[in-house]
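> build me a model from this:
(one chain, ligands or ions: 2)
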Amino acid sequence: MGNVLGDLGTAWMIQGLWGLVSVFLVEMVRDVYHVASHVWAPLIRLHNWHHKAYRKDFTPVSAELYQKAQLYNDVPESLVMMAAMAMVAIFSPLWGFWLGCLYGAGFLGAALLRSQGLLNATDLTHEPGPLKTLPGLWLVNRTYHWRHHFDETNAYYAGYFTLSDKLMGTALSLKGKTVAVTGASGTLGRALIKRLAAQGARPIALSRSADAVIEGATRVVPWEPGQERALQDVLSRVNILVINHGVNVHGERSADAIATSLEVNALSAWRLMEMFLETVDDRLGPATKELWINTSEAEVNPAFSPLYETSKRLLGDLITLRRQDAPCVIRKLVLGPFKSQLNPVGVMSADWVAGAIVGLAKRDIRNIVVTINPLTYLLFPVKETLQTVYFKLFSR
Ligand SMILES: [Zn+2]
Ligand SMILES: [Zn+2]
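Ligands and ions are numbered 1, 2, ... in the order given. Below you'll find the predicted structure:
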């Protein structure tokens, strides 16, 4: 008797786990249905109602449109979710999948009530008002989903788990974005600008040499470290600022070498960061602006250039500190040595590194590590996590 009960308990536990799996999978079904609703004509027609229903602050255009959107988009979507899970539950021993089906039924019930005007509360991702939070990293929030409606409708498909967008490379769209890159005439700067342009971005090259010819850049704006204020106007119109300039004094340790390293690698980058953060407005800024900063793997590993390490580590620390309450996403680019004028013996090609940066950014990776040194992949996350906790505890 005790054994029978024990077996029954184990069976329920196993099916309970399958139930949780099914809730995850039914969300993936929702995302696949959503992608199909942007490529397959019959579904596009139904899904258009959803996109027509909202103004830019997520207030419904009209009660009638909102109700129609629920009926023509959300009802069939939840029926497909239920059907997919029911099929698994019926044709396999995994009856736990009925939980996923029930989850879909919840969506169906809410959509039916809303379509009849019987439920006024909207779902969490479509609540009206200004966007106050950063886009969710693993779970979809309003800021994340807002971008699907008003930034790029062919990206940000995820409904609840952002994993589907990360897999598809649609967790960040660069299409139509104005991206300014410092250090633009350097090897990585040039490679990045080419890769960004290939994604449909509009790159602006920020470079010491005003007459530099940079493939893919829409224009070149002359700038050098120390002249940050002069960029204020440009930065206010930029969606993504990539701080990528730097200097390597190699083995030097003179007062001049210290001043140059600190000024170029840390202080000018920090001033640019602060100026850019000031341009992030509190209405749509969290959804439309980003900052990418190249801190290099010198943050955690030797670069055989003490002043390069010292200055890059200072910059890395300042970013970690400011990231605690930044008004927009800040990505660190933690890069290993690549072949350039600064480093003729680098192993990776700058073009490959640039491609990896763009690919990982499109998957919304916020600490982008690209290197051949396995230690960095291990050390950097540990260092960043511990330091984040430390900074949270001892700063305000
Ligand atoms: Zn929506
Ligand atoms: Zn859509």
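
> list the contacts for residue 117?
By C-beta atoms under 8 Å, 6 or more residues apart in numbering, the contact list for residue 117 reads 63, 67. C-beta coordinates here come from the backbone N, C-alpha and C atoms, glycine included.

> SS state for it?
coil (DSSP: H, G, I helix; E, B strand; the rest coil).

> quick one, what contacts the spatially closest residue to residue 163 that is not a sequence neighbour?
Nearest residue to residue 163, sequence neighbours excluded (C-beta to C-beta, 6 or more residues apart in numbering): residue 138, at 7.4 Å. Applying C-beta under 8 Å, 6+ apart to residue 138 gives the contacts 161-163.

> same check, this time on residue 164
By C-beta under 8 Å, 6+ apart, the residues touching residue 164 are 28, 31-32, 157-158.

> do a quick rundown of the strands in the protein.
Per DSSP state E, the chain carries strands over the ranges 178-182, 202-207, 219-222, 240-243, 290-294, 329-335, 367-370.

> quick one: residues contacting residue 22.
85, 88-89, 94, 96-101, 103.

> now it: how far from residue 322?
41 Å (C-beta to C-beta, to the nearest Å).

> now residue 306
25 Å.

> before we move on, the earlier item: which ones among the contacts of residue 22 map onto helices?
The members of the contacts of residue 22 that map onto helices under DSSP state H are 85, 88-89, 98-101, 103.

> burial count for residue 383?
Residue 383 is flanked by 16 other residues according to other C-beta atoms under 10 Å.

> before we move on, what about the one 4 residues further on?
Number of residues near residue 387 (other C-beta under 10 Å) recorded here: 15.

> grab the nearest non-local neighbour of it.
That would be residue 320: by C-beta to C-beta, 6+ apart, it lies 5.3 Å from residue 387.

> just give the nearest non-adjacent residue to residue 252, would you?
residue 307 (6.8 Å).

> that neighbour and residue 226, how far apart?
Here the criterion is C-beta to C-beta. By it, residue 307 lies 18 Å from residue 226.

> which of the two has more neighbours?
Higher neighbour count among residue 307 and residue 226: residue 307, with 23 against 12, using other C-beta under 10 Å.

> find me the pLDDT at that one, would you?
At residue 307, the model reports a pLDDT of 97.

> so what's it up against?
249, 252-253, 257-258, 261.

> end to end on stretch 312-331, go ahead and measure it.
Using C-alpha to C-alpha, to the nearest Å, one end of stretch 312-331 lies 15 Å from the other.

> let me see the mean pLDDT of that stretch.
97.

> stretch 193-206 too?
Mean predicted lDDT for stretch 193-206 stands at 98.

> ends of that stretch, how far apart?
Termini of stretch 193-206 sit 11 Å apart (C-alpha to C-alpha).

> change the start of the numbering to 23 and stick with it
All right, first residue 23 from here; so that's stretch 215-228.

> distance of the closest residue to residue 192 other than its chain neighbours from residue 216?
Excluding its sequence neighbours, the residue lying closest to residue 192 (C-beta to C-beta, 6+ apart) is residue 177, at 4.1 Å. To residue 216, residue 177 is 21 Å away according to C-beta to C-beta.

> again with residue 120
On the measure of C-beta to C-beta, residue 120 and residue 216 end up 51 Å apart.

> ok, back up a step: I'd like the contacts of residue 186 as JSON lines, with pLDDT and distance to residue 233 appended.
Below are these laid out as JSON lines (pLDDT from 0 to 100; distance: C-beta to C-beta, whole Å):
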{"residue": "50", "pLDDT": "98", "distance to residue 233": "51"}
{"residue": "53", "pLDDT": "98", "distance to residue 233": "47"}
{"residue": "54", "pLDDT": "98", "distance to residue 233": "50"}
{"residue": "179", "pLDDT": "98", "distance to residue 233": "43"}
{"residue": "180", "pLDDT": "98", "distance to residue 233": "44"}
